[in-house]
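K.L.:
Structure for the following, please:
(2 chains)
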There are 2 protein chains.
Amino acid sequence: MIETTFMFFNEIDISNLEKIFRINLINSCSGYKSANLIGSVSNAGIPNVAVFSSVTHLGSNPPTLGYILRPTTVPRNTYKNIKETGVFTINHIHKGIIEDAHHTSAKYPEEISEFDKTTLEEEYKGNFKAPFVKGCPVQMSMRFLEEVYISSNDVTMIVGRIQELYIDDKLLKADGFINLSEGEVMTINGLDAYALPKLEDRFTYQRPKKN
Amino acid sequence: MIETTFMFFNEIDISNLEKIFRINLINSCSGYKSANLIGSVSNAGIPNVAVFSSVTHLGSNPPTLGYILRPTTVPRNTYKNIKETGVFTINHIHKGIIEDAHHTSAKYPEEISEFDKTTLEEEYKGNFKAPFVKGCPVQMSMRFLEEVYISSNDVTMIVGRIQELYIDDKLLKADGFINLSEGEVMTINGLDAYALPKLEDRFTYQRPKKN
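P.N.:
Coordinates of the predicted model:
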């Protein structure tokens, strides 16, 4: 058996790192992240789509999800649109669109739609105002609920409630489980790397062992 | 080309779902989640280790991560320990330990250490009080910073600052990127499914296209 050698960084090492190295390192060290496109539209009718890697499950009843808004980064147009209209969509990034999905992280001015700069196709369903991303195996319409400020890092969690859920029916199993692996849904490693997960195992509800 | 058929659920459908189906569905629909073991210890000296799928990157400077505490679920011992001692560890779940990692979701009483009920091995490093999980390719010591209440779903985000970072040196690349795929780090799909990601591509910093 080969002994693993560890690189070690303490708090002072981390704060002294070169900026890009630190951003890559700290963005990688939380583990894998969800890979989503958030669709929104301004009151003026200009659609927007942007990649997010911080969408997190908050609770199932009511069904709520949150994402992290950083003060200085790109997706301010998304936030502005959500505050204007109260609605947005969340769409899962699949293997076929990773290059275009990642390109939505470029800082386009508000009057430019990322749908016009990529092969991503906007899709409107029912009466819902914000655009979905056509072809994504999981698509959700969301209503804004609240924003929660996290003072220790000057970030805000944006919380929304799921209004409608569209799931590629091949992925949905009898017990409600969505097999993301069968839909080639991607996961994000760090800032800019996309990985394709393969389902390894599912487990039953765990109870304490007797001894 | 085969047309995809979508299953559709609106807000009323979701609230009328059978409970287990709804929990599986809503836990799967945010996308892939991080797969971590949080290590902690009580003032009485009893160690604890528990699986979490909500660890989220908040910011790189200061380097902070958060996780979601639900009012009714297992990891209350973890929370109690963190409040008592102010410290905890985060350890990445790799392919070799998924069964034991998942077993830590069983509701053991406070006086039982999950390290005694699984093959997971506790490891103490330097002067840090909380246990690490031996063999995990990424291990972090954390200091509690704040808890932020999210009223719309009665959950709390626990925020910690990275104190020390241990990374299997084979995974760490020249620009600070940690290649989680090379460490067989897992990702969680829903409540109980573990998937193994394979790195597909990394992209450069994106700038707007000229036309």
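
K.L.:
need the strands for chain A, in chain order.
P.N.:
Using DSSP state E, the strands of chain A run over residues A:6-10, A:33-34, A:36-41, A:47-52, A:56-60, A:63-69, A:87-92, A:122-123, A:132-133, A:138-150, A:155-168, A:187-189, A:193-202.

K.L.:
and the longest one with strand B:155-168, angle?
P.N.:
An angle of 90 degrees separates the directions of strand A:155-168 and strand B:155-168 when computed by axes from the mean of the first three to the mean of the last three CA atoms, to 10 degrees.

K.L.:
and the closest residue to residue A:95 other than its chain neighbours, how many residues sit next to it?
P.N.:
Spatial nearest neighbour of residue A:95, excluding adjacent residues (CB to CB, 6 or more residues apart in numbering or on different chains): residue A:184 at 4.1 Å. Yep, even glycine has a C-beta here, placed from its N, CA and C like the rest. Neighbour count of residue A:184, defined by other CB atoms under 10 Å in any protein chain shown: 17.

K.L.:
Would you check that residue A:184 makes contact with residue A:93?
P.N.:
No: using CB atoms under 8 Å, residue A:184 is not in contact with residue A:93, being 9.6 Å away.

K.L.:
picking up where we left off before, would you list the strands of chain A in TSV and tack on mean pLDDT and distance to chain B?
P.N.:
What follows is these, written out as TSV (pLDDT from 0 to 100; distance: least, CB to the nearest CB, whole Å):
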stretch	mean pLDDT	distance to chain B
strand A:6-10	97	4
strand A:33-34	98	3
strand A:36-41	98	6
strand A:47-52	96	9
strand A:56-60	96	4
strand A:63-69	96	5
strand A:87-92	98	6
strand A:122-123	98	11
strand A:132-133	98	10
strand A:138-150	97	4
strand A:155-168	97	4
strand A:187-189	98	4
strand A:193-202	98	4
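
K.L.:
List the residues that contact residue A:153.
P.N.:
By CB atoms under 8 Å, 6 or more residues apart in numbering or on different chains, the residues touching residue A:153 are B:58-59, B:62, B:64, B:159.

K.L.:
Please report the distance of the nearest residue to residue A:195 once chain neighbours are set aside from residue B:9.
P.N.:
Using CB to CB, 6+ apart and skipping the chain neighbours, the partner closest in space to residue A:195 is residue B:197 (3.6 Å). Distance, residue B:197 to residue B:9, using CB to CB, to the nearest Å: 27 Å.

K.L.:
Same question for residue A:28.
P.N.:
Taking CB to CB, one finds residue A:28 at 34 Å from residue B:9.

K.L.:
Those two: who's more crowded?
P.N.:
The neighbour count for residue A:28 versus residue B:9, taken as other CB under 10 Å, is higher for residue A:28 (27 against 23).

K.L.:
I'd assumed residue A:195 was in contact with the more buried one.
P.N.:
No: judged on CB under 8 Å, residue A:28 makes no contact with residue A:195 at a distance of 11.5 Å.

K.L.:
Can you work out which residues contact both of the two?
P.N.:
With CB under 8 Å, 6+ apart as the test, residue A:28 and residue A:195 both reach A:189, B:180.

K.L.:
Residue A:100 against residue A:121, yeah?
P.N.:
No: between residue A:100 and residue A:121 there is no contact under CB under 8 Å: 10.0 Å.

K.L.:
Comparing these two, which shows the higher neighbour count?
P.N.:
Higher neighbour count among residue A:100 and residue A:121: residue A:100, with 19 against 13, using other CB under 10 Å.

K.L.:
what's near enough to touch that one?
P.N.:
By CB under 8 Å, 6+ apart, the residues touching residue A:100 are A:118-120.

K.L.:
Excluding chain neighbours, what is closest to it?
P.N.:
What sits nearest to residue A:100 in space, not counting adjacent residues and going by CB to CB, 6+ apart, is residue A:118, at 3.9 Å.

K.L.:
measure that neighbour to residue A:171 for me?
P.N.:
24 Å.

K.L.:
just residue A:113 next, same as before
P.N.:
Residue A:113 sits 29 Å away from residue A:171, taking CB to CB as the criterion.

K.L.:
can you check residue A:132 too?
P.N.:
Noted for residue A:132: a distance of 16 Å to residue A:171, by CB to CB.

K.L.:
which of those two has more neighbours?
P.N.:
Neighbour count, other CB under 10 Å: between residue A:132 and residue A:171, residue A:132 has more, with 23 against 20.

K.L.:
quick one: that one and residue A:125 touch, right?
P.N.:
Yes: in this structure, residue A:132 is within contact of residue A:125 by CB under 8 Å, at 5.9 Å.

K.L.:
any residues in contact with both of the two?
P.N.:
Taking CB under 8 Å, 6+ apart as the contact rule, residue A:132 and residue A:125 both touch A:139, A:141, A:166.
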